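Build me a model from this:
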Amino acid sequence: MKKETFAIVVFFLLAGTLNVFSQSDQCNTNSSISHEAVKAGNYKDAYIPWREVIEDCPRLRFYTYTDGFKILKAFLDEDMKANGNKKTSAEYKEYFDELMELHDTRMEYIPEFQTKMKGVLSVEAALGNKAIDYLTYAPSVDIRQAYEWLSKSVDGAKADAPASAFQYYMDMSYQILKTDASHKEQFIQDYLNAGQYV
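Model (predicted):
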């Protein structure tokens, strides 16, 4: 009985190990395929293998996120162009949601990537990039949401925030001021705050 139990345990351990190696091989293959397709500007062929990498092994390579941003932005730009610069199609909304989700996933794993490699941006700098993409691609912009993200980015990343984050930060603060006079003191503080790092 003990030998049978031992044999069953060994079988399942080996099966699990083989499955992990199989998944790892598939992740590496999909990563290579999608990355090469992105480098060639072939975003349609890159999408499916890239998506599998993000879903199955989001910690595999940091450039998977950069590739994803290129793929999704190309799809969003293409959809807008096909629809008279409107951001209204169902497909556009899906790609936009996926872009925002990709930013969130990258921010989740940034601390882990920072322990493995140099030059990885901070979570706060990444939040600034998310805010910029939000302002660029959102079907309908919530100014206060964009301001909140940009404020956290500028306050947290300081001079390492994306350069355009400072401009957008001040613009969003000004947009709020135009409709809310009580934001005047905060607008002045935002100006002084941004001025420290520009």
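
so the nearest residue to residue 28 once chain neighbours are set aside is in which element?
Distances taken as C-beta to C-beta, 6 or more residues apart in numbering put residue 60 closest to residue 28, at 7.5 Å, once the chain neighbours are dropped. All C-beta spots, glycine's among them, are computed from the backbone N, C-alpha and C. Counting by DSSP states H and E, there is no helix or strand that carries residue 60.

isn't residue 60 right up against residue 26?
No: if you go by C-beta atoms under 8 Å, residue 60 and residue 26 don't touch, sitting 10.7 Å apart.

Residues that sit against both of the two, list them.
With contacts defined as C-beta atoms under 8 Å, 6 or more residues apart in numbering, no residue is adjacent to both residue 60 and residue 26.

so what's residue 193 up against?
For residue 193, the contacting residues are 154-155, taking C-beta under 8 Å, 6+ apart as the criterion.

go again using 7 Å as the cut-off
Taking C-beta atoms under 7 Å, 6 or more residues apart in numbering as the contact definition, residue 193 lies against residue 154.

cool, residue 126 as well?
Residue 126 touches 103, 106-107, 110, counting by C-beta under 7 Å, 6+ apart.

What residues of the helix or strand hosting it count as buried?
With elements delineated by DSSP H and E, residue 126 resides in helix 123-137, which encompasses its position. By neighbour count on 16 or more other C-beta atoms under 10 Å, the buried set for helix 123-137 is 123-135, 137.

and after that helix, which helix or strand comes next?
For helix 123-137, the succeeding helix or strand toward the C-terminus, using DSSP H and E, is helix 143-157.

related to what we said a few turns ago, let me have the contacts of residue 126 in JSON lines, extended by pLDDT, secondary structure and neighbour count.
As requested, the contacts of residue 126 are arranged in JSON lines below (pLDDT from 0 to 100; DSSP: H, G, I helix; E, B strand; the rest coil; neighbours: other C-beta atoms under 10 Å):
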{"residue": "103", "pLDDT": "99", "secondary structure": "helix", "neighbour count": "21"}
{"residue": "106", "pLDDT": "99", "secondary structure": "helix", "neighbour count": "24"}
{"residue": "107", "pLDDT": "98", "secondary structure": "helix", "neighbour count": "19"}
{"residue": "110", "pLDDT": "98", "secondary structure": "helix", "neighbour count": "18"}
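
between those, which is nearest residue 76?
For those, the minimum distance to residue 76 (C-beta to C-beta) is 13.4 Å, reached by residue 103.
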